[in-house]
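Engineer: let's see this in three dimensions:
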Amino acid sequence: MLYLRVSSMSQVETDYDPEGLSIKAQRDICRNKALSLGLAVIGEYVELGRSGTNVQGRPEYQAMMQRVTTQRDVDFIMVYQLSRLNRNRTDDAMVMLQMEAAGAKLLSATENIDETPAGH
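Structural biologist: Alright, predicted model coming up:
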């Protein structure tokens, strides 16, 4: 499963904006990383022009987490960077707990995720 998000509408169509990568660029990088790990991408959730400040204002994120927790058919959720998922440490902790409870693991296409108490 991929979760792709851009903060501003100027990022939607351009490959690169000072604020970050386009949806297409994020998708390509995530799909290539999944392929290199031998993972099948079973779907994607895309937020266009949505702030990462909190998860309440992101309907695609809410739909993804609803699926993860109710259907339990997702083993991995991949993001381009962790900042695409959350910018708020409280939301970050809650998301990790919710994913863990549903049996899903968070992956970043560009970063290592340290889930030890000291690292995350």
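
Engineer: can you name the element that comes right after the one helix or strand V68 maps to?
Structural biologist: V68 is part of helix 59-70, with elements assigned from DSSP states H and E. Next in sequence after helix 59-70, counting helices and strands by DSSP H and E, comes strand 76-79.

Engineer: got the CA coordinates for that next one in CSV?
Structural biologist: The C-alpha coordinates for strand 76-79 follow below in CSV (Å, rounded to 0.1, in the frame of the first residue of the first chain):
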residue,chain,number,x,y,z
PHE,A,76,3.2,-2.6,4.6
ILE,A,77,2.4,1.1,4.1
MET,A,78,5.1,2.9,2.2
VAL,A,79,5.7,6.6,2.1
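
Engineer: now tell me what touches the very next helix or strand once past it from outside.
Structural biologist: On the C-terminal side of strand 76-79, the closest following helix or strand by DSSP H and E is helix 89-102. Outside helix 89-102, the residues within contact range by Cβ atoms under 8 Å, 6 or more residues apart in numbering are 54-55, 65, 68-69, 72, 74, 77, 82, 85-86, 105-106, 115, 120. In this view, the C-beta of every residue, glycine as well, is placed from N, C-alpha and C.
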